[in-house]
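K.L.:
Below are the sequence and a predicted model for it; my questions follow.
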Amino acid sequence: MNEIFVGVDLGATYIKTGCFDSNLKLLAKTSAPTQAEKDANVIIDNIAATIEQCITNAGLSITDVSAIGLGCPGPAKYKDGIIEAAPNLPTLNNVPIRQMLSGRLAGKTIVFENDANVACLGEFTTGAGKGINDMAFFTLGTGIGSGIIINGKLLTGPTGNSAELGHTIIYPNGRLCTCGQRGCAEAYASAANTAKRAVEAVTAGEKSSLKKTFDDNGEITCKDVFDHSKAGDELAKRITDETAEFLAILCVNVLHTAEPKRIVFAGGMIAAGDILLNRIKYFFDEHIWNLKAESVEICFAALGEDAGIIGAAALAKAKLK
Ligand SMILES: [Zn+2]
């Protein structure tokens with residue numbers, strides 16, 4: 001009998017769901033608003049309804065499903081199926097989400113994992129990581145999520161909270177991070193903090209074409225920084241280079257930690273294209289120990305937004321094996 005796996009990517013804005021066959025071929029996908037401001041029961045009902053809709057769209061029923069994978073923001077008690085402190089899903093914190101969801105879905109097995117780890121597994125399984133055994137992954141958005149695959153397996157650590165490379169410190173006593181530490185890579189090089197550094201420079205009086213953007217829109221986005229960088233603005237080029245250098249340092253550090261054959265960047269920020277990727281590679285070559293320079297390939301992700309649902313389904317499949 002063909003096994004069916006469901007992958008769920010739970011974000012603060014949308015719940016995305018995919019229904020897959022045993023070869024992880026996508027049969028149907030759905031998405032619905034999370035309604036993060038509502039209480040936990042409403043959100044869990046929304047997740048269950050989205051999953052059921054997806055299964056129906058594939059012409060199947062819940063009894064056909066072998067297992068469900070769920071990617072959630074952390075920190076969490078992954079083995080217990082409980083989110084602990086996700087800032088954008090406050091009502092779900094400390095709620096037994098896996099158990100409650102399973103109760104709404106005929107007691108199906110639900111595997112619970114960090115959202116960045118799940119996206120990493122998705123890229124590893126059918127995207128930019130195909131054909132290798134060892135990979136590191138960074139997703140660049142409001143924060144920096146990350147994952148590490150060693151010898152074909154996701155590195156999770158004893159509580160499932162390992163590979164939080166965005167919170168590795170690159171400047172002692174540097175910028176304050178949302179996690180409470182100072183000098184985290186995320187506090188400099190996420191999309192949100194790249195934009196924030198541009199705002200700080202412009203409001204401090206530095207000359208830049210971004211000043212007009214800020215005056216007109218009341219904000220500067222990360223995309224604005226890269227667009228102005230491409231157009232030759234000196235400040236935007238400097239901020240792009242600083243972000244690329246911070247990301248290159250993360251690459252050097254993860255290479256020395258886990259020996260990935262490929263380092264994959266994902267998230268909205270990679271829409272910048274070569275202006276970002278080529279500079280990351282440039283600064284990587286500047287900083288890396290010469291002996292190791294040729295041993296890793298740095299590239300962008302291949303799956304886009306589907307990485308989360310594919311990875312979650314891959315996780316469900318792996319759990320069943
Ligand atoms: Zn941090």
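P.N.:
Thanks, I have the structure now.

K.L.:
State which helix of this protein is the longest.
P.N.:
Assignment by DSSP state H gives helix 234-258 as the longest helix of the chain.

K.L.:
Which neighbouring elements make contact with whichever helix or strand comes after that one?
P.N.:
The element immediately downstream of helix 234-258 (helix or strand, assigned by DSSP states H and E) is strand 262-266. When contacts are defined as 3 or more Cβ pairs under 8 Å, 6 or more residues apart in numbering; DSSP states H and E, strand 262-266 packs onto helix 115-126, strand 135-140, helix 234-258, strand 297-300. Where C-beta positions appear, they are placed from N, C-alpha and C, glycine not excepted.

K.L.:
Just put those in JSON lines and tack on distance to residue 290, mean pLDDT and mean neighbour count.
P.N.:
Converted to JSON lines, these look like this (distance: least, Cβ to Cβ, whole Å; pLDDT from 0 to 100; neighbours: other Cβ atoms under 10 Å):
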{"stretch": "helix 115-126", "distance to residue 290": "28", "mean pLDDT": "96", "mean neighbour count": "28"}
{"stretch": "strand 135-140", "distance to residue 290": "20", "mean pLDDT": "97", "mean neighbour count": "29"}
{"stretch": "helix 234-258", "distance to residue 290": "12", "mean pLDDT": "97", "mean neighbour count": "20"}
{"stretch": "strand 297-300", "distance to residue 290": "16", "mean pLDDT": "97", "mean neighbour count": "17"}
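
K.L.:
Show me how this structure divides into domains.
P.N.:
4-121+306-320, 131-301 (automatic domain parsing).

K.L.:
Please identify the most buried of those domains.
P.N.:
domain 4-121+306-320 (a mean of 20; mean count of other Cβ atoms under 10 Å).

K.L.:
Okay, now that domain: how far is its last residue from its first?
P.N.:
11 Å (Cα to Cα, to the nearest Å).

K.L.:
Which residues are in contact with the residue of the stretch 1-150 of the chain found nearest the ion?
P.N.:
Going by Cβ to the ion, the ion is nearest to residue 143 of the stretch 1-150 of the chain, at 8.0 Å. Contacts for residue 143 (Cβ atoms under 8 Å, 6 or more residues apart in numbering) come out as 166, 178, 186, 190, 192.

K.L.:
among the helices and strands packed on strand 262-266, which is nearest residue 74?
P.N.:
Comparison of the helices and strands packed on strand 262-266 against residue 74 by Cβ to Cβ identifies helix 115-126 as nearest, at 7.6 Å.
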